[in-house]
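> just need the structure, nothing else, for what follows:
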Amino acid sequence: METLRGFFDGPITRVSDLDPLPEAYGVSGAKPLFRKVEDGEVEAAEGKLASAARA
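Here you go, the predicted structure:
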């Protein structure tokens, strides 16, 4: 929440305050909170999960 709060110009006390974002607020310096998970990583994880489920 602290990271999200830093993106917005104005007081935010709850995540629900972000929906809808008031028109008077601005967003600056926003960057991804998480890295993008590539398709190959998802497929590898699904394969491991399927193997574990069969065991």
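
> excluding chain neighbours, what is closest to the spatially most central residue of the chain?
Taking CA atoms, centre = their mean, the centroid of the chain lies closest to Leu33, which sits 5.3 Å from it. Excluding the flanking residues, the one nearest Leu33 by CB to CB, 6 or more residues apart in numbering is Thr3, at 6.3 Å. Heads up, the C-betas are built off the backbone N, CA and C, glycines and all.

> quick one: average confidence on stretch 40-55?
Stretch 40-55 carries an average pLDDT of 93.

> going forward, count from 843.
Yep, numbering from 843; the last one is stretch 882-897 now.

> quick check: buried residues in that stretch?
Neighbour counts over stretch 882-897 (16 or more other CB atoms under 10 Å) mark no residue as buried.

> now it - C-alpha only, CSV.
What follows is stretch 882-897, C-alpha atoms only, in CSV (Å, rounded to 0.1, in the frame of the first residue of the first chain):
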residue,chain,number,x,y,z
GLY,A,882,7.5,-20.2,-20.6
GLU,A,883,7.6,-19.8,-16.8
VAL,A,884,3.9,-20.4,-16.5
GLU,A,885,4.2,-23.6,-18.7
ALA,A,886,7.1,-24.8,-16.6
ALA,A,887,5.2,-24.2,-13.3
GLU,A,888,2.1,-25.9,-14.7
GLY,A,889,4.2,-28.9,-15.7
LYS,A,890,5.7,-29.2,-12.2
LEU,A,891,2.2,-28.9,-10.7
ALA,A,892,0.8,-31.6,-13.0
SER,A,893,3.7,-33.9,-12.1
ALA,A,894,3.2,-33.4,-8.4
ALA,A,895,-0.5,-34.0,-8.7
ARG,A,896,0.2,-37.4,-10.5
ALA,A,897,2.6,-38.5,-7.8
